[in-house]
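# one predicted model, sequence on top.
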Amino acid sequence: MASRSGTQKDKGLLADWELVTSNGPPLSFHVGCVLGNDLYIHGGMETKDGKQPSDKLFRFISSSQSWQQITAEGSPSLSHHACVSLAGRYMLLIGGWDGKTRTAKVVAFDAENKKWLPQETTGFPGDAGLSSHTATLLASGEIVIFGREGSLRMQRRHGNSYILSGSVQSGRFTFKELTNVAASRSGHTSNIVGNKLYVVGGRENNFVEVHDRLKGGEPDNQTITSKLMDIVEKLPPMSKLPGGRKNHVSISGTGVLLIHGGDTFDGRSRESVGEMFLLTFKPTMQFYKLGDSSVRRCGHVCCILGDRVILHGGLGGKNNCHVYSETFCLNFK
């Protein structure tokens, strides 16, 4: 790491969140992915201390910058789940909390036919489940799963990483344990940059975990990459890693990650943070602090939609008691 630290004051951020609409669905710990030209989000919690996850599905229509609820029979009630986009058509939901238990079930939404398609799932331990994990699509079409929440007994008995293979067309998916080396995490993010998968946060220490020889299944957005790298050139590098955090978001470009928000482990506050960091990898891994945004969130969703970075929902406010409905776009200054 470099010897000097970089800081940005709240004012004059080189990029910050700009409100698009405040009329979105109030949700936290939901999931989102891009299908076609629009952003789809599913599930989550509608109140901080709610007992039952939502089964609602919403579409953010990019052309009108408005939200639309999609009603289709068979939508599961889930929060703290994960999802990937397949073929630009299917939203594949993986695991999550159903209000009673952690599940490892897989279900797909077909955006073209507006139908939910239950999938047969095999290979996952019958006495375990998944929540606050991540799912990342590989170039092979397989999906790598990292992390889970659960008792220490469950974590010792079962691994923390899996490969999920199958297809919506066959209606079948199979879990296969990948390795027992992966550290136990929950509320982390996973992104592929180059041929490496970077698992960020989800625990107090060991902030970044790297796994080699994993090629991503989604092309990088070069417009977003260029804008993020332009910012890197204007910032001094940090002298040490950021503090541990969970329930943050991250997006990736060619050679760069953007990290925003989350809950920290350092006891500074009982509220979510608005910190934003950039992480680059060549010639060595290096962090840059973009600044502290007034948009302080955890359990939110962040996706690249066209040439924009969209953020929605999450928990925040005093003692993280408020579930937000706002949708933001990252404004590069």
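Arrived safely, thanks for sending. Model, not experiment: these values are computed from the prediction.

# and the helices in the stretch 51-200 of the chain?
152-157 (DSSP state H, counting those that start in this stretch).

# low pLDDT regions in it?
149-159, 180-182 (pLDDT under 70).

# outside of the one helix or strand His211 maps to, which residues touch it?
According to DSSP states H and E, His211 maps onto strand 208-212. With C-beta atoms under 8 Å, 6 or more residues apart in numbering as the test, strand 208-212 has contacts from 182-183, 185, 195-200, 241, 279, 285. To be clear about C-beta, it is placed using only N, CA and C from the backbone, and glycine gets the same treatment.

# and it, which strands flank it?
strand 196-200 (antiparallel) (DSSP bridges).

# for Ser226, helix, strand, or coil?
helix (DSSP: H, G, I helix; E, B strand; the rest coil).

# for stretch 37-51, measure first residue to last.
Counting by C-alpha to C-alpha, to the nearest Å, you get 33 Å between the two ends of stretch 37-51.

# what pLDDT, on average, does the strand holding His211 get?
Mean pLDDT, strand 208-212: 92.

# just the CA trace of it, in CSV.
Once non-C-alpha atoms are left out, strand 208-212 reads as follows in CSV (Å, rounded to 0.1, in the frame of the first residue of the first chain):
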residue,chain,number,x,y,z
VAL,A,208,-10.8,-8.5,0.7
GLU,A,209,-10.6,-12.2,-0.3
VAL,A,210,-9.4,-13.1,-3.8
HIS,A,211,-10.1,-16.3,-5.8
ASP,A,212,-8.2,-16.9,-9.0
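
# check which residues of that strand are buried.
Residues 209, 211 are the ones in strand 208-212 that count as buried (16 or more other C-beta atoms under 10 Å).

# then stretch 315-325?
315-316, 320, 322-325.

# list the contacts of that stretch.
Here stretch 315-325 has contacts from 22-29, 45-48, 247, 263, 270-272, 296-300, 313-314, using C-beta under 8 Å, 6+ apart.

# now the residues you listed: which count as buried?
Applying 16+ other C-beta under 10 Å to the contacts of stretch 315-325 flags 24-29, 45-46, 247, 263, 271-272, 296-300, 313-314 as buried.

# show me where the stretch 51-200 of the chain has its strands.
Assigned by DSSP state E, counting those that start in this stretch, the strands in the stretch 51-200 of the chain fall at 57-61, 66-70, 82-86, 90-97, 102-110, 115-118, 120-122, 134-137, 143-146, 161-167, 172-177, 189-193, 196-200.

# quick one: which of the ones you listed is nearest Leu290?
Closest to Leu290 of those is strand 196-200 (C-beta to C-beta; 14.8 Å).

# pull the residues that contact the closest one.
Taking C-beta under 8 Å, 6+ apart as the rule, strand 196-200 contacts 134, 136, 144, 146-147, 182-183, 185, 188-192, 207-214, 248, 250, 252, 257, 259, 279, 281.

# quick one: distance of that strand to the chain centre.
In terms of C-alpha atoms, centre = their mean, to the nearest Å, the centre of strand 196-200 is set 12 Å apart from its chain centre.

# tell me the angle of the strand holding His211 relative to strand 189-193?
Counting by axes from the mean of the first three to the mean of the last three C-alpha atoms, to 10 degrees, strand 208-212 lies at 40 degrees to strand 189-193.

# quick one: distance of strand 208-212 to the chain centre.
17 Å.

# do the same with stretch 316-323
20 Å.

# quick one: end-to-end distance for it.
7 Å.

# quick one: average pLDDT of that stretch?
Across stretch 316-323, the per-residue pLDDT values average to 92.

# what does stretch 30-43 give?
98.

# so for that stretch, what gets flagged as buried?
30-35, 38-43.

# can you list the residues you listed in CSV and add secondary structure and distance to Ser140?
CSV is the format used below for the buried residues of stretch 30-43 (DSSP: H, G, I helix; E, B strand; the rest coil; distance: C-beta to C-beta, whole Å):
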residue, secondary structure, distance to Ser140
His30, coil, 28
Val31, strand, 22
Gly32, strand, 23
Cys33, strand, 19
Val34, strand, 21
Leu35, strand, 21
Asp38, strand, 26
Leu39, strand, 25
Tyr40, strand, 24
Ile41, strand, 27
His42, strand, 25
Gly43, coil, 27
